[in-house]
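Here you go, sequence then predicted model.
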Amino acid sequence: MGARKWEAVITKYVVTASWLDTPHLDAAAREELAKAYPPHERDARTQGIPQLGSGVIYPVPESEVVCEPFVLPVYYRHVYALDVGWNRTAALWGALDGETDVLYLYSEHYQSETQPAVHAQSIKARGDWIPGVTDPAARGRSQADGQSLLAVYAGLGLSLSIANNAVEAGIYEVWGRISSGRIKVFRTLQNFLMEYRLYRRDEKGKVVKTNDHLMDDLRYLVMSGIPLAAMQPRST
């Protein structure tokens, strides 16, 4: 008997198509649509290239984000965000220029293993009239005494609202502001800039949850703080 001849039969195949393969989208339309996606999704969305999403989350050079400190005009509206914890408590202050919709990040508090009273004193020193938003986790119970951290800070004179902690939605909103020049950072905020450089996704596309306290604060400011921002009251 002669040897049988086997032939492979291909029943499925995959074709990768990009936006360049869609003739109804011109260059201007492609550019406009691409702006709607965060950087880590753009190759997958526009070129059909599978992405795990690793890499920096806000890939905008510091030179385009950082500005020299200046005296904030009286009509700017202020707000701060607070991320609480024993290992690290961080607060970030922003001032919104209502005419340009630019949020200026101008002050930070960054301290570890310190009692809430110390944090509260530092926060109020920046202006006890400034409204704040905080991590929803502050409503939880402290392992030390079972008391809510939110209640502790309220007892110390801070007026705090609970922030929206939707991570991906918050990153998207922050990215929109950074990429359009509507977030500027005073160069004196060294802890913020350190976290900004390190803020990234792992090989599975998950946000790396280390050294990100001020990055969380930034999300709280953009998602929840801006509507609460207030101008400094006139002295009587």
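In hand now; what should we look at? Numbers count the residues shown, from 1 in each chain.

Provide the secondary structure category for residue 175.
Following DSSP: H, G, I helix; E, B strand; the rest coil, residue 175 is assigned to helix.

Distance check, it against residue 105.
Using C-beta to C-beta, to the nearest Å, we find residue 175 at a distance of 15 Å from residue 105. (Each C-beta comes from the backbone N, C-alpha and C, glycine too.)

So which residues of the chain form helices?
Secondary structure of the chain by DSSP state H: the helices cover 27-34, 39-47, 116-125, 149-155, 167-179, 190-198, 213-220.

Now do the same contact list for the closest residue to residue 91 other than its chain neighbours.
Computed as C-beta to C-beta, 6 or more residues apart in numbering, the closest residue to residue 91 that is not its neighbour in sequence is residue 109, at 4.0 Å. Counting by C-beta atoms under 8 Å, 6 or more residues apart in numbering, residue 109 touches 89-92, 119, 122-123.

Between those, which sits nearest residue 181?
Nearest to residue 181 among the contacts of residue 109: residue 92, at 18.9 Å, using C-beta to C-beta.

number of nearby residues for the closest one?
Counted with other C-beta atoms under 10 Å, residues neighbouring residue 92 total 28.

Please apply the same query to residue 167.
There are 12 residues near residue 167, going by other C-beta under 10 Å.

Give me the distance between residue 139 and residue 160.
Per C-beta to C-beta, residue 139 is found 10 Å from residue 160.

More neighbours: these two, which one.
residue 160 (20 against 12).

doesn't residue 130 make contact with that one?
No - using C-beta atoms under 8 Å as the test, residue 160 is too far from residue 130 to be in contact (11.0 Å).
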